[in-house]
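**Q** Take a look and give me a structure for this.
(chains A, B, C, D, E and F)
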Number of protein chains: 4
Amino acid sequence: MIFDIDTTSSLPIYAQIVAQVKHAVAAGIVRAGDTLPSLRETSSRLRVNPLTVSKAYRQLEAEGIVVTDHGRGTFISAKLADLGEEYRRKALDKAADRLLVEAYHLGASADEIRLAVENRLRKMRDV
Amino acid sequence: MIFDIDTTSSLPIYAQIVAQVKHAVAAGIVRAGDTLPSLRETSSRLRVNPLTVSKAYRQLEAEGIVVTDHGRGTFISAKLADLGEEYRRKALDKAADRLLVEAYHLGASADEIRLAVENRLRKMRDV
Amino acid sequence: MIFDIDTTSSLPIYAQIVAQVKHAVAAGIVRAGDTLPSLRETSSRLRVNPLTVSKAYRQLEAEGIVVTDHGRGTFISAKLADLGEEYRRKALDKAADRLLVEAYHLGASADEIRLAVENRLRKMRDV
Amino acid sequence: MIFDIDTTSSLPIYAQIVAQVKHAVAAGIVRAGDTLPSLRETSSRLRVNPLTVSKAYRQLEAEGIVVTDHGRGTFISAKLADLGEEYRRKALDKAADRLLVEAYHLGASADEIRLAVENRLRKMRDV
DNA sequence: GTGGTCTAGACCACA
DNA sequence: GTGGTCTAGACCACG
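**A** Presented below is the predicted three-dimensional model:
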């Protein structure tokens, strides 16, 4: 589980962490019982205040997505009924919407949008 | 052009206005040259401070979506795509990247991404 | 980075701050990564409202001259020229046009314009 | 005497008119005794409120640059001691400064600036 | 009538 | 500590 943070984004850092954990769960990248990286490891890797990571983990705990065993670590919860296929689909649609609205304001045609997506897909595959 | 604000949303009021104008432009509900409701009309109708509306309009102006004629009002910009080809391409690639990163975290396949884009393209065309 | 404000000027306070930051950057007085004084420090030193300073900083951010890290502060941007070649060229041409229109109205010859540009280039280099 | 107005500029329309008359005087394009276009002609040509033109002419009169004969028209004043060579030089230097600061923030080199100026000079000559 | 600027002060979110 | 948002209300400039 690796995090990818943009400190200048208008989305707060803690929310970026929350979203990425949720996505990883929805995608099946992490499963019930898996361990999240420790507060210290995450905060030093991201060069971010430990309190910020803590806040993210606490919110995930409040949402029932992770459980914390004091002194042992933070784990993905066993009961994840509320995430899953519908969450994934909605999140993906929302992301596609954001692209389209932005593209519209740039005056891009449907084909230009498709082309851009294909180009980036190819680029990511290469990485 | 009527606005619909949710004061309890975590999205700031000014950002909701910005988003709604963008969507109205993208959906063809308003067109180049159309007048936006005046600051005062909008602020009294939404029961928010004129400064808040002004902030939204100024951001729209900064993005080139509206122009304001001092003393006359605020209008949808005539030249929505006069940005320079390279700038447009870069901005479009960036927007596509954001979609792909989000999709990657959701574990979506290339085909799922394509499908989501096509669905939203079709939906926008229908509006 | 110290600001020097003239409240009686017709130029708004926030625009004076913007101009002074730009000049400081152009003159090499501040460099990429440098911290701007905090909103509160600047506002108390200048005896102006924090919102006024904030407005200036946000405009600088919109122009890509500074970036702000929420909760940490406002910094001179590292990538002052990452705009795309065509965008840069167009913006430069536009700026040159503004000079020529002004010069035209003043009845200046091509050589007078060249001379003025060279004089100012030399002056900036000396700073 | 033809005016060239940008209604979206942050410089007010009346100030643009004032500046252009001053520049025309400084450049020797108009001379003492010459007639300014009538309020009506100017306002209809520029598609601007007559009050705006009137305000510009009144300011020019207050500065002693024009005199108004009621019912006959507005004329360039006979005594123009305060405008002239120094005004021209200062205005030109200021305009050159604006170009250089802007160019700096675009990351342009001295040669790029010179090139842009030469290009636009050539373009204007062709018009 | 329009939008622009500023103040004083509150409250919140983030790190 | 940092910046972000909003209010209520004033005053000004422009058309």
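
**Q** Buried residues, the strand or helix carrying A:Thr68. List them.
**A** Following DSSP states H and E, one finds A:Thr68 within strand A:66-69. Residues of strand A:66-69 classed as buried: A:Val66 (neighbour count, 16 or more other Cβ atoms under 10 Å in any protein chain shown). For the C-beta atoms, the positions are set from N, CA and C on the backbone; glycine is no exception.

**Q** Now do it: which elements does it pack against?
**A** Contact here means 3 or more Cβ pairs under 8 Å, 6 or more residues apart in numbering or on different chains; DSSP states H and E; on that basis strand A:66-69 packs against helix A:50-62, strand A:73-76.

**Q** same thing but at 6 Å, please
**A** If contacts are counted by 3 or more Cβ pairs under 6 Å, 6 or more residues apart in numbering or on different chains; DSSP states H and E, strand A:66-69 sits against strand A:73-76.

**Q** which parts of the strand it packs on are buried?
**A** Neighbour-count burial for strand A:73-76 [16+ other Cβ under 10 Å]: A:74-76.

**Q** do you know how far A:Arg125 is from A:Gly64?
**A** Per Cβ to Cβ, to the nearest Å, A:Arg125 is found 35 Å from A:Gly64.

**Q** Compare neighbour counts for these two and give me the winner.
**A** Taking other Cβ atoms under 10 Å in any protein chain shown, A:Arg125 and A:Gly64 do not tie; A:Gly64 has more neighbours (14 against 8).

**Q** Taking helix A:50-62 as reference, get the angle to the helix or strand hosting A:Arg40.
**A** Using DSSP H and E, A:Arg40 sits within helix A:39-46. Angle of helix A:39-46 versus helix A:50-62, following axes from the mean of the first three to the mean of the last three Cα atoms, to 10 degrees, is 120 degrees.

**Q** just checking, what packs against helix A:39-46?
**A** Looks like helix A:39-46 contacts helix A:50-62 (3+ Cβ pairs under 6 Å, 6+ apart).

**Q** so how far is the helix it packs on off the chain centroid?
**A** Computed by Cα atoms, centre = their mean, to the nearest Å, the chain-centroid distance of helix A:50-62 equals 14 Å.

**Q** CA atoms of it as PDB?
**A** Output of helix A:50-62 as PDB, limited to C-alpha atoms (Å, rounded to 0.1, in the frame of the first residue of the first chain):
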ATOM      1  CA  PRO A  50       2.200  12.400  11.700                       C
ATOM      2  CA  LEU A  51      -1.000  14.100  13.100                       C
ATOM      3  CA  THR A  52      -2.200  14.300   9.500                       C
ATOM      4  CA  VAL A  53      -1.800  10.600   8.900                       C
ATOM      5  CA  SER A  54      -3.400   9.900  12.300                       C
ATOM      6  CA  LYS A  55      -6.400  11.900  11.300                       C
ATOM      7  CA  ALA A  56      -6.800   9.900   8.100                       C
ATOM      8  CA  TYR A  57      -6.600   6.600  10.000                       C
ATOM      9  CA  ARG A  58      -9.000   7.700  12.600                       C
ATOM     10  CA  GLN A  59     -11.500   8.700  10.000                       C
ATOM     11  CA  LEU A  60     -11.100   5.300   8.300                       C
ATOM     12  CA  GLU A  61     -11.700   3.700  11.600                       C
ATOM     13  CA  ALA A  62     -14.800   5.800  12.200                       C
END
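
**Q** which phi and psi does A:Val18 have?
**A** A:Val18 adopts backbone torsions of phi -60, psi -50, taken as degrees, to the nearest 10.

**Q** hang on, isn't A:Val53 packed against A:Ser44?
**A** No. The criterion here is Cβ atoms under 6 Å, and A:Val53 misses it with A:Ser44 at 9.7 Å.

**Q** In terms of packing, which of these two has more residues around it?
**A** Taking neighbours as other Cβ under 10 Å, A:Val53 and A:Ser44 compare with A:Val53 leading, 26 against 12.

**Q** how much space between the more buried one and C:Arg31?
**A** Between A:Val53 and C:Arg31 the distance is 31 Å, computed by Cβ to Cβ.

**Q** Tell me the secondary structure at A:Gly64.
**A** Look at A:Gly64: counting by DSSP: H, G, I helix; E, B strand; the rest coil, its state is coil.

**Q** So the nearest residue to it once chain neighbours are set aside versus A:Glu63, what's the distance?
**A** Among residues not flanking A:Gly64 along the chain, A:Ser77 sits closest, at 5.8 Å (Cβ to Cβ, 6 or more residues apart in numbering or on different chains). Distance, A:Ser77 to A:Glu63, using Cβ to Cβ: 9 Å.

**Q** what do you get for A:Ile29?
**A** 18 Å.

**Q** so what's A:Arg40 closest to, chain neighbours aside?
**A** Nearest one to A:Arg40, counting by Cβ to Cβ, 6+ apart, is A:Pro50 at 6.8 Å.

**Q** So what's the residue count around the one you found?
**A** 13.

**Q** is it true that it touches A:Ser43?
**A** Yes. With contact defined as Cβ under 6 Å, A:Pro50 counts as touching A:Ser43 (4.1 Å).

**Q** domain ranges for chain A?
**A** By the assignment in automatic domain parsing, chain A contains the domains A:13-76, A:85-126.

**Q** what does chain A put close to DNA strand E?
**A** A:7, A:12-15, A:48-49, A:51-52, A:55 (Cβ under 7 Å from any atom of the strand).

**Q** ok, 10 Å please
**A** Contact residues (Cβ under 10 Å from any atom of the strand) of chain A with DNA strand E: A:5-18, A:43, A:47-56, A:59.

**Q** any low-confidence regions in chain A?
**A** A:79-83, A:126-127 (pLDDT under 70).

**Q** In contact with the residue nearest to the spatial centre of it, which residues?
**A** Nearest to the mean C-alpha position of chain A, by Cα atoms, centre = their mean, lies A:Gln20 at 1.6 Å. By Cβ atoms under 6 Å, 6 or more residues apart in numbering or on different chains, A:Gln20 lies in contact with A:3, B:105.

**Q** By residue count, which helix of chain A is the longest?
**A** In chain A, taking DSSP state H as the definition, the longest helix is helix A:85-105.

**Q** Just name whatever secondary elements that helix is in contact with.
**A** helix B:13-26, helix B:85-105, helix B:110-126.

**Q** Quick check: residues of chain A near chain D?
**A** For chain A, no residue is in contact with chain D (Cβ under 6 Å from any Cβ of the partner chain).

**Q** Just the closest residue of chain A to DNA strand F, please.
**A** Using Cβ to the nearest atom of the strand, the closest approach of chain A to DNA strand F is made by A:Ser10 at 6.9 Å.

**Q** if I've got this straight, that residue is in a helix?
**A** No. In this structure, A:Ser10 is coil, not part of a helix, as judged by three-state DSSP.

**Q** and it, how many neighbours does it have?
**A** 9.

**Q** Now do it against chain B, distance only.
**A** Using Cβ to the nearest Cβ, to the nearest Å, we find A:Ser10 at a distance of 9 Å from chain B.
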